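got a predicted structure here, sequence first:
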Amino acid sequence: MISKSVEETFKIAKDFIGRILHKKDTRENAKIVALSGDLGAGKTAFTKAVAEILGIKEKVNSPTFVIMKRYPINLEGYKFFFHIDAYRLKDEKELLLLGWDEIINNKEHLVFIEWPENVKNIIPKDSRFIEIEHLGEEERNFNLK
């Protein structure tokens, strides 16, 4: 999917969230969305759009320096939205120290993780993957898997 503006990115995010959040979801663990792309590709912009769609009122910024932020959400089947940035992590052990296992083993958690390739060995196989490619000044290609 190609986005040529912030508004189009919002529409892509809304469609994506509508498809992955099912009321009849029978999962037993957190729903994980892994976002890949170069610096400035739009991973955080996409996550901000999702946060707005979920009704998060707090300002959502990249958690590059704090690694992880948690936001309460009022959505059937979910209590918390986690935004994780693994850019500065050297390996999976660092994410495990932040409580990764507890986070992903709770079905009431929705987790968006940027730079999953830095911790690829502990990203669950059933995660959703989004590759974002920077095509131009405002243009992005979203490859949703």
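It's in. Numbers count the residues shown, from 1 in each chain.

could you give me the buried positions within stretch 27-42?
Ala30, Lys31, Ile32, Val33, Ala34, Leu35, Ser36, Gly37, Ala41, Gly42 (16 or more other Cβ atoms under 10 Å). Glycine gets a C-beta too; all of them are placed from N, C-alpha and C.

could you report the pLDDT at the third one?
What the model reports as pLDDT for Ile32 is 96.

likewise for Ile17?
You'll see Ile17 listed with a pLDDT of 90.

same question, Gly40
pLDDT for Gly40: 87.

gap between it and Glu137?
Gly40 sits 11 Å away from Glu137, taking Cβ to Cβ, to the nearest Å as the criterion.

could you do Phe65 as well?
In this view, Phe65 and Glu137 are 27 Å apart by Cβ to Cβ.

run through the residues that contact Asp85.
Counting by Cβ atoms under 8 Å, 6 or more residues apart in numbering, Asp85 touches Thr44, Ser62, Pro63, Thr64, Ile67, Met68, Ile113, Glu114, Trp115.

partners of it in the sheet?
Beta-bridge partners recorded for Asp85 (DSSP bridges): Glu114.

mind listing what's buried in the host helix or strand of Arg70?
Arg70 is part of strand 68-75 when elements are defined by DSSP states H and E. Across strand 68-75, burial judged by 16+ other Cβ under 10 Å covers Met68, Lys69, Tyr71, Ile73, Leu75.

surely the second one touches Pro63?
Yes: judged on Cβ atoms under 8 Å, Lys69 makes contact with Pro63 at a distance of 4.6 Å.

and for the two, which residues touch both?
Here Lys69 and Pro63 have His83 as joint contacts, going by Cβ under 8 Å, 6+ apart.

tell me which residue lies nearest the centroid of this structure.
Against the mean C-alpha coordinate of the chain, by Cα atoms, centre = their mean, the closest residue is Phe112 at 2.0 Å.
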